[in-house]
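**Student:** Could you work out the structure for the sequence below:
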Amino acid sequence: MGGHSHWAGIKHKKALVDAKRGKVWTRIVREITIAARMGGGDINGNPRLRQAVDDAKTSNMPAENVKRAIQKGTGEIPGVMYEELTIEGFATCSVAVFCEATSDNRNRTTNEVRKIFENNGGKMGSAGAVRRLFQPKGYIAVPKSAVDEETLMTLALDSGAEDFKSEEGDDYEIITAPADFEKVRAALADKKIVPDDAELTLLPTTTVKVDDPIDAQKVLRTIDELEGHEDIKTVYANFDIPDNVLAQSK
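**Tutor:** Predicted coordinates for the structure are as follows:
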């Protein structure tokens, strides 16, 4: 997990967090509820809801749970009202951290997240403090074992990708503009190429190198605790921890 991979830095332990099914289901239910409230309960006319329902299926959430979440969002049955909020801050070494959250109590969520930052040597920031340091992008990771580099690079760039990375790790990385994400993903699907990851995300425009193992440990602990918070949906950060430092910080 070195600086060569923005995605590794942003989502370094996503699989471990996602293994906690209860929290995953809680987050998906909230997303379904909000999506249904904002765009209606028909997945065919509500892309955000369709994506949330697809995530529910992937996580093996019972269909009845999905149905109830949609009904709560549309107001057919009563339920807790969630609001979306963003939280910005800095981990140690001035690493920028941007969080997207859903909460039924903004003050409680904000106070709990503030403690996570402060307990690990960081601090909360004001609105807009770090958002400008991240750009919306499409991100696709394809296993190197699935296709040769030249074939994939040509396919990705011809279908509209902005960038193609192959330097290190087990995956090729494809970066797209948000508007071109579906087109590139469809081009891969046409060739039966199955990615490890494919989603719209935020990628940092600059990174902060963290060379000290103790500082690296604090940064990783901050991200871990934020990702583990029930109200936090996504966490983005711009740290660059070299592999040798990462090995010492575990």
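
**Student:** okay, now Asp42: neighbour count?
**Tutor:** Residues within reach of Asp42, counting by other CB atoms under 10 Å, total 12. No exception for glycine: its C-beta is placed from N, CA and C like everyone else's.

**Student:** Identify the residues contacting it.
**Tutor:** Leu49 (CB atoms under 8 Å, 6 or more residues apart in numbering).

**Student:** 810 is where my numbering starts, stick with that
**Tutor:** From this message on, residue numbering opens at 810, which makes the last subject Asp851.

**Student:** From Ile879, how far out is it?
**Tutor:** Between Asp851 and Ile879 the computed distance is 9 Å (CB to CB, to the nearest Å).

**Student:** anything in contact with each of these two?
**Tutor:** Taking CB under 8 Å, 6+ apart as the criterion, Asp851 and Ile879 both touch Leu858.

**Student:** so how far is stretch 1038-1047 off the chain centroid?
**Tutor:** With CA atoms, centre = their mean, to the nearest Å as the basis, stretch 1038-1047 stands 7 Å off its chain's centre.

**Student:** Can you give me the domain assignment for the protein?
**Tutor:** 810-941+1015-1059, 942-1013 (automatic domain parsing).

**Student:** Turn the ones you listed into a markdown table, including mean pLDDT.
**Tutor:** A markdown table is the format used below for these (pLDDT from 0 to 100):
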| stretch | mean pLDDT |
| --- | --- |
| domain 810-941+1015-1059 | 86 |
| domain 942-1013 | 93 |
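
**Student:** What sits closest to Arg859 if chain neighbours are left out?
**Tutor:** Nearest residue to Arg859 in three dimensions, chain neighbours excluded: Ile852, at 4.2 Å (CB to CB, 6 or more residues apart in numbering).

**Student:** In this structure that neighbour contacts Gln860, no?
**Tutor:** No - counting by CB atoms under 8 Å, Ile852 does not reach Gln860; the two are 9.0 Å apart.

**Student:** Burial check on the residue nearest to Arg859, number of neighbours?
**Tutor:** Residues near Ile852, counting by other CB under 10 Å, number 20.

**Student:** Provide a list of residues in contact with it.
**Tutor:** Counting by CB under 8 Å, 6+ apart, Ile852 has contacts Leu858, Arg859, Val862.

**Student:** From what I see, the first one and Arg846 are in contact.
**Tutor:** No - look at Leu858 against Arg846 with CB under 8 Å: they stay out of range, at 9.7 Å.

**Student:** Those two: who's more crowded?
**Tutor:** Between Leu858 and Arg846, counting by other CB under 10 Å, Leu858 is the more crowded of the two (27 against 18).

**Student:** got the contact list for the closest residue in space to that one that isn't next to it in sequence?
**Tutor:** Spatial nearest neighbour of Leu858, excluding adjacent residues (CB to CB, 6+ apart): Ala844 at 4.0 Å. For Ala844, the contact set (CB under 8 Å, 6+ apart) comprises Asn855, Arg857, Leu858, Gln860, Ala861, Gly882.
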